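Undergrad: what's the 3D shape of this:
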Amino acid sequence: MHEMSVALAVIDQVEQAAARNGDVTSVRSVRLQVGELAGVVPDSLSFCFELACGGTLLEGAELVTEAVPGRARCAPCAHEWAVGMPPALTCPRCGGTTADLLSGRELQIVSVHWEDGPTHARTREPVSEEC
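TA: Numbering: from 1, shown residues only. Below is the predicted model:
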């Protein structure tokens, strides 16, 4: 199950961002974009995330996943379509087989909510690194 390694990578990146901030006391939530073609099962990822967060700065943090649908564009006719699962990469308009995948492979941290400083003020720190 590679969702555990994805969860560990997310935790590592958030902890690095928190260390750069220097004043983070806890992480409340992490928002993650997950493309439908990324090969990641969101429910499995959430389960692994919860387990892996134990004993870290992220313990008790919520993982919020945003599904990103797969979309493609036909190179010859420029038609765009939802590719679905399994992905249909042949153009439904002209039958062309030269498609550019526009979205659906995302696996990216979009935002992190944490508490910092002695007043525990909530802040939002974007973490732009991909997992």
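
Undergrad: list the contacts of Arg28.
TA: 61-62, 113-115, 122 (CB atoms under 8 Å, 6 or more residues apart in numbering). Any C-beta I mention is one placed from the backbone N, CA and C, and that applies to glycine too.

Undergrad: I meant to write Leu37 there.
TA: Leu37 neighbours (CB under 8 Å, 6+ apart): 70, 83, 85, 87, 101, 104-105.

Undergrad: name the element Arg20 belongs to?
TA: When elements are assigned from DSSP states H and E, Arg20 belongs to helix 3-21.

Undergrad: sorry, slip of the keys, the one I care about is Gly96.
TA: Using DSSP H and E, no helix or strand contains Gly96.

Undergrad: wait, it sits on Trp81?
TA: No: in this structure Gly96 lies outside contact range of Trp81 using CB atoms under 8 Å: 11.3 Å.

Undergrad: which of the two has more residues huddled nearby?
TA: Trp81 (18 against 15; other CB atoms under 10 Å).

Undergrad: ok, back up a step: can you list the helices and strands that the helix holding Arg20 packs against?
TA: In this structure, helix 3-21 makes packing contacts with strand 24-35, helix 42-53, strand 107-116, strand 121-125, judged by 3 or more CB pairs under 8 Å, 6 or more residues apart in numbering; DSSP states H and E.

Undergrad: for the last one, the averaged confidence score.
TA: When pLDDT is averaged along strand 121-125, the result is 47.

Undergrad: same check, this time on the second one
TA: Throughout helix 42-53, pLDDT has a mean value of 97.
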